[in-house]
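Novice: when you get a sec, could you give me coordinates for this:
(2 chains)
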Amino acid sequence: MANALVFIDNPGAALKKSSLELLTIARSLGETAVAFTGELSDDVAATLGAYGATTVYRPSTDDLDNYLVGPKAAYLAAAAAASGATAVLLDNSPEGKEIAARLGIKLNAGVITDVVGVEPDGTAHKSVLAGSYNTSAKATTAVTVLSVKANNVEPAPAGAAAAPATATVDVPGDAVANAARISARAEKPVSGRPDLSEARIVVAGGRGVDGDFGPLEELADALGAAVGASRAATDAGWIGHDAQVGQTGVTVSPQLYISAGISGAIQQKAGMQTSKVIVAVNKDAESPVFEIADYGIIGDLFKVIPQATAEIKKRKG
Amino acid sequence: MEETLKIVVLVKHVPDAQFDRHITGPANTTDREESILSELDEYALEAALQLAEERGGPKAGNEVIALSMGPSGAVNAVKKSLQIGAYSGVHLSDDALAGSDAAATSLALAAAIRHLSADGRPVDLVLTGMASTDGETSLVPAQLAERLSLPQVTFASSLEIAGGRVTARRDAGPYSETVEAALPAVVSVTDQINEPRYPNFKGILAAKKKKITSLALSDIGVDASQVGLAGSWTVVESAEARPPRTAGTIITDEGDAGIKLVDFLAAQKLL
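Specialist: Purely as a prediction, here's the structure:
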């Protein structure tokens, strides 16, 4: 009997780092199984085994990806029952949280989102009210459902790797009957940079970039960073809405957050103030961002940022 | 003319994020002094008003009902919604609801929506914001859809309704998706969907004449043990205020700040 079940939704050719993190946490809770959707390649199966998964469940239909949330939750509920798991772990993406939400109702299980750490007894740690409090929470139910934020544990393979067993889980026939169907899907253009919510370093620009994200993109590429933006910059159309960091965009918690030309209003602060190190560049010495920056530069970002980029390239050779 | 709609908009009274927010009491609940209508709910209300207006507004028989669950002060979220333009309001309030988690909240809201459908005209559409600006879990719309056995169309950045079906664009994740579902449905909208209107003087006056219905748990057939701390499936065991970030080194660029920045990053082992 497994103790923990990890949901891995259509990973493609290789598992994401966040999935490896979920597997690493799951192993600390007990025997680990995986509820998988999509194509299971030999490489992915081997990685699941290397990270300690003993059983990989797969749905009886490959149609789940054409529907929003509901049918995936029905599948995951069936997989949870089959595995006997007492903890179910998912990504903290918008869809991950919503699958967790519906799964919780199906299993009469407490759901905790935005988790940054899990104790062996299932107690979960998270930060709330835009990072102003750290809380620990626990489900009082037989099963606990946790959506876990990326970048909070170092992925580590299990000591002994073994090929996991596979088992098929019947998806209830009525699961798709009353669900929202995805009728068209277009892949968004890929930047080649790391995913904003998972990046170790984020370089973000605001009103002060005045339409030109070029210098920030060059710095990001020199650092291997993701590019983010304030709402002012995304609303102005200078960069896609996906790049928005803040209360209504992506919440980031990287090792390093470089803020350029962003004043640091409350909405923006809410999305980045749990970053480990914050660097701010702004012309206006009164910008609120300087109140929370570990290193602040009062200056013109169009001079400071390219100079820093050139210096990094020089030092990295 | 399109068929008329009966729309319920979920509105939440949340602590104003412009001020310091606090967690208090034995159950580690959020202090709700200084609360306002959750900003993200204004987008849901605007979407509802636009859908109703396209169909002839209240005169044609459309309904836009602002529903808030919360203590006595939460009626202000309903009143604000009426000033912005909701046609009527419902305030679900009961001492037993205090401390409800998402599961208990969705149970009570589902019962309230069934109650609002019991007048012979079922609710066609439940509209919500993408998250509350206090709990920020985004769980309630999905749990409400699950409890009502309805399709959910969440994080909509555009929304159309025709022929009893909702079609939305959704940009969450690596794809841009078109999502379709039959009504009734639960739909959550992002802050990209529209530009919410502000209440004007006429709206504020008109709101005074609009009806607010108060509901208690007994009205919606929910037992006190199903909600509040007793009916919640999660407990917050502890809450600690994070020490506020403090300002570090601030320098003024004298022509070499980019180099100094790289020195700082190197010293922090961030290169």
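Novice: residues near the closest residue to residue B:92 other than its chain neighbours, how many?
Specialist: Nearest non-adjacent residue to residue B:92, counting by Cβ to Cβ, 6 or more residues apart in numbering or on different chains: residue B:69, 4.3 Å away. All C-beta atoms are positioned from the backbone trio N, CA, C, and that covers glycine. Number of residues near residue B:69 (other Cβ atoms under 10 Å in any protein chain shown) recorded here: 24.
Novice: pull the CA atoms of the host helix or strand of residue B:250 into PDB?
Specialist: If you go by DSSP states H and E, residue B:250 is part of strand B:249-252. Extracted in PDB, the C-alpha atoms of strand B:249-252 (Å, rounded to 0.1, in the frame of the first residue of the first chain):
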ATOM      1  CA  THR B 249      22.700  48.800   0.900                       C
ATOM      2  CA  ILE B 250      21.500  51.600  -1.200                       C
ATOM      3  CA  ILE B 251      24.000  53.300  -3.600                       C
ATOM      4  CA  THR B 252      23.700  56.100  -6.100                       C
END
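Novice: so how far does stretch A:145-158 reach from one end to the other?
Specialist: 23 Å (Cα to Cα, to the nearest Å).
Novice: downstream of the worst-scoring helix or strand of chain A on mean pLDDT, the next helix or strand is which one?
Specialist: Within chain A, no helix or strand scores below helix A:266-270, which has a mean of 79 by mean pLDDT, DSSP states H and E. Note on helix A:266-270: by DSSP H and E, the next helix or strand toward the C-terminus is strand A:277-282.
Novice: wait, does that following strand make contact with chain B?
Specialist: Yes: judged by Cβ under 8 Å from any Cβ of the partner chain, strand A:277-282 and chain B are in contact via A:277-279, A:281.
Novice: show me where chain B dips below the pLDDT cut-off.
Specialist: For chain B, the stretches flagged by pLDDT under 70 are B:1, B:172-173.
Novice: quick one: the strands in the stretch 101-250 of chain B?
Specialist: Using DSSP state E, counting those that start in this stretch, the strands of the stretch 101-250 of chain B run over B:125-129, B:152-162, B:165-170, B:175-182, B:185-189, B:212-215, B:234-241, B:249-252.
Novice: likewise the stretch 201-317 of chain A?
Specialist: With DSSP E, counting those that start in this stretch, the ranges of strands along the stretch 201-317 of chain A come out as A:201-205, A:226-229, A:256-260, A:277-282, A:295-298.
Novice: present those as TSV; the columns should include mean neighbour count and mean pLDDT.
Specialist: Conversion of these to TSV gives the following (neighbours: other Cβ atoms under 10 Å in any protein chain shown; pLDDT from 0 to 100):
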stretch	mean neighbour count	mean pLDDT
strand A:201-205	29	96
strand A:226-229	28	96
strand A:256-260	27	97
strand A:277-282	26	96
strand A:295-298	24	96
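Novice: mind checking which of those is nearest residue B:164?
Specialist: strand A:226-229 (38.7 Å; Cβ to Cβ).
Novice: for that closest one, packing partners?
Specialist: With contacts taken as 3 or more Cβ pairs under 8 Å, 6 or more residues apart in numbering or on different chains; DSSP states H and E, strand A:226-229 sits against strand A:201-205, helix A:214-223.
Novice: hmm, 6 Å instead?
Specialist: When contacts are defined as 3 or more Cβ pairs under 6 Å, 6 or more residues apart in numbering or on different chains; DSSP states H and E, strand A:226-229 sits against strand A:201-205.
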